[in-house]
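1. Next input, structure requested:
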Amino acid sequence: MEEFKKKNGMDMGDKEIVFSQSIKAGKRIYYLDVKKNRKDEMFIAITESKKIVTGEGDDSQVSFEKHKIFLYKEDFDKFMTGLQHAIDYIQEQQGPYNGYGSEKKNSESTGIDAAPKEENDAPANGEIKIDIDF
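-> Next up is the predicted model:
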C-alpha cells in the first residue's frame, strides 16, 4: 500500500485542500491553496511555480522550480498590511500598473478577470501598476 501511495503522489501526511485558485502570470503560475491541518484549522499555502527549460531542440528538458509560503490566519492582517505597504511604495516610486505587457485573458479557472486594454493605456515612461484584490 505504501508503494502505491508513493507512485501516485499521495501521502497521508498531505494536508486536505478545501479551496484552490491558480493565477497564470507569464512563465510563472501562483497557486493559492486553502488547506486544513490535522486540527481542522485552515491556512493558506502560496506556491510559485516557474517553468525552467534547459537545452535546445530534442535535448531540451522541462522542469519546474517551486517555492512555498504558508500563511496562518493569525498572520493574515500583518501580511496584508505589509503587502499593501510594499505595493503602495512601488506605486509611489514607479506609478500605477496599467496592464502593459500583461496577458489580458479572462479565465474562469482562475476567477481573475482582466479589464480590456485601451490603446491609450500604453505607458509613456514604462510605469508599473500592481492592483491586487483580496
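2. Okay, buried residues for stretch 75-91 please.
-> Ile87, Gln91 (16 or more other CB atoms under 10 Å). Placement of C-beta: from N, CA and C, glycine included.
3. Provide a list of residues in contact with the residue nearest to Asn37 when sequence neighbours are not counted.
-> Nearest residue to Asn37, sequence neighbours excluded (CB to CB, 6 or more residues apart in numbering): Lys15, at 5.9 Å. Residues in contact with Lys15 (CB atoms under 8 Å, 6 or more residues apart in numbering) are Lys35, Lys36, Asn37, Ala45.
4. Name the helix or strand for the first one, please.
-> Here Lys35 sits within strand 28-36, counting by DSSP states H and E.
5. That strand - contacts with which helices or strands?
-> strand 16-25, strand 42-54 (3 or more CB pairs under 8 Å, 6 or more residues apart in numbering; DSSP states H and E).
6. Would you double-check that Gln93 falls in a helix?
-> Yes: assessed with DSSP: H, G, I helix; E, B strand; the rest coil, Gln93 lies in a helix.
7. Could I get the pLDDT score of it?
-> pLDDT, Gln93: 94.
8. any idea how far it lies from Ile87?
-> 11 Å (CB to CB, to the nearest Å).
9. same question, Asn37
-> 29 Å.
10. And the contacts of Lys15, which is closest to Gly57?
-> Ala45 (36.1 Å; CB to CB).
11. got the contact list for that closest one?
-> So Ala45 contacts Lys15, Tyr31, Leu32, Asp33, Lys35, Lys68, Ile69, Phe70, Leu71 (CB under 8 Å, 6+ apart).
12. of the residues you listed, the lowest pLDDT goes to which?
-> Within those, lowest confidence goes to Lys15 (72).
13. ok but Lys68 is inside a strand, no?
-> Yes: counting by three-state DSSP, Lys68 is found in a strand.
14. give me the number of residues near the residue lying closest to it once chain neighbours are set aside?
-> Excluding the flanking residues, the one nearest Lys68 by CB to CB, 6+ apart is Thr47, at 5.0 Å. For Thr47, the count of nearby residues is 15 (other CB atoms under 10 Å).
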